[in-house]
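Q: A structural model of the following input is requested.
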Amino acid sequence: MTISHYSEDHYQRIGAGFCGTVWTRSPTGSAIKREDGGPSRSLANDFTMHNQAYEAFLSFSDAKRNMRNPPTQLQARIPQCHKYITPQDQSWWDTNFRWFPDGYTACNAILSERIPPFPEHTRRLLVDRYCPPELRQDIHRSASNEACLIRPYIGRQRTCSTARNGRSRFRGFSLRNFPLHIDQMMELGISIEDVDCYAGMMGEALSTFHWVARMDANDVEIVLAPISPAERNRAPDHSSTSNIIRNVLGTHTMWILDFDLCHSISMDRQGVQQAVEAFFKNDPFCPRPHTAHWPAFRNQYLSAAGRIARIYHKDEVGAIYNLARQFVTLIEARGECSCSS
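A: Reported below is the predicted structural model:
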């Protein structure tokens, strides 16, 4: 049995990236993202775009609930963003400095809702299936691997080198942002219907980014993770509006985070091209054209765009929907070039 390493006495680092490090004191409370990463990344932009995306998703969710026949498609979640903290916020740092390890200084930071990590049975499933045997005991005992989120890579299968590296004793194994490729989903017994559900959630999410939030979603992170504790006991299946999925990974949903490289887009051909470039620059979360799960993504992207146009762009419904179709057409055209090359 794994013993939880979380302690109210100090912050534990649960993530690190180009923009900075992420800390928490509990698996269900808030998370703190510090701007102590690369100099070219902006936590101020992250905060602005995070809130813009959160408000857009919340607004569209409310609008769908008020429809005469609400759609049953599950909706990806964005964690709530609570506060932007600067080094000059003396009262906050005076209260919280003692929870960080020695040597840390005040910096820009974001306080937000923490995405809950997967529980032990899901972590054990991934470790027993994909971790080299000689590392399993250490991974099970590792505090850092309790912060388990899963990156769903529907747009990519493991290559031979990826599979070999995943089994190499000389390469680290981590459950933080664990990459789960489409072939691994099949190996684990995740149904085609569930993968289509993931793809549809991605399609609707991207449409919401583009046509409600008016942003390119460049370099956002998509993860599978449990629902928040307040929602844990709500509706049991895909027919509900609770965004719950249940399969071999346990009870979970889809979350989207990391907005520091997102930018606004114009509602024209140039904005569409910017969104297309962001699609291909990002990790292969979304299915690619001419693959099994592309229709689920495509259909939900366009279906959501139609609803969004009627709700938010009443004077230009046709124009907005045509821009959404241009996005799909350009993605498919580039996909054909990739297949033929």
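Q: Quick check: Thr24 vs Arg114, distance?
A: 5 Å (C-beta to C-beta, to the nearest Å). From N, CA and C alone the C-beta is placed, and that goes for glycine too.
Q: tell me, what's touching the two both at once?
A: 30-31 (C-beta atoms under 8 Å, 6 or more residues apart in numbering).
Q: which stretch of helix or strand covers Val127?
A: Assigned by DSSP states H and E, Val127 belongs to helix 120-130.
Q: Please work out which residues outside stretch 40-54 touch it.
A: Residues from elsewhere that reach stretch 40-54 (C-beta under 8 Å, 6+ apart): 18-20, 33, 35, 78-81, 84, 108-110, 112, 209, 213, 215, 256-263.
Q: how does it look with 7 Å?
A: 18-20, 33, 35, 78, 80-81, 84, 108, 110, 209, 213, 215, 259-260, 262 (C-beta atoms under 7 Å, 6 or more residues apart in numbering).
Q: what pLDDT, on average, does the helix holding Val127 get?
A: For helix 120-130, mean pLDDT is 96.
Q: what's that helix packed up against?
A: Counting contacts by 3 or more C-beta pairs under 7 Å, 6 or more residues apart in numbering; DSSP states H and E, helix 120-130 packs against helix 136-141.
Q: Show me what counts as buried in the helix it packs on.
A: 139-140 (16 or more other C-beta atoms under 10 Å).
Q: now stretch 243-260
A: So stretch 243-260, judged by 16+ other C-beta under 10 Å, has buried residues 243-245, 247, 249, 251-260.
Q: which two in the residues you listed are spaced the farthest apart?
A: Across the buried residues of stretch 243-260, the longest distance by C-beta to C-beta is 31.4 Å; it joins Asn247 and Asp260.
Q: and the gap between Ala309 and Leu323?
A: In terms of C-beta to C-beta, Ala309 sits 9 Å off from Leu323.
Q: And for Ser112?
A: With distances taken as C-beta to C-beta, Ser112 is found 31 Å from Leu323.
Q: so where's the stretch 1-150 of the chain uncertain?
A: 1-8 (pLDDT under 70).
Q: pLDDT below threshold where in the stretch 201-341 of the chain?
A: Along the stretch 201-341 of the chain, segments meeting pLDDT under 70 span 230-242, 337-341.
Q: Mind exporting the C-alpha coordinates of the helix holding Val127 to PDB?
A: Output of helix 120-130 as PDB, limited to C-alpha atoms (Å, rounded to 0.1, in the frame of the first residue of the first chain):
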ATOM      1  CA  GLU A 120      -3.200   4.600  -6.300                       C
ATOM      2  CA  HIS A 121      -5.100   1.900  -8.300                       C
ATOM      3  CA  THR A 122      -4.600   3.900 -11.500                       C
ATOM      4  CA  ARG A 123      -1.000   4.600 -10.800                       C
ATOM      5  CA  ARG A 124      -0.400   0.900 -10.100                       C
ATOM      6  CA  LEU A 125      -2.000   0.000 -13.400                       C
ATOM      7  CA  LEU A 126       0.300   2.200 -15.300                       C
ATOM      8  CA  VAL A 127       3.400   1.200 -13.400                       C
ATOM      9  CA  ASP A 128       2.800  -2.500 -13.600                       C
ATOM     10  CA  ARG A 129       2.100  -2.200 -17.300                       C
ATOM     11  CA  TYR A 130       4.700   0.200 -18.500                       C
END
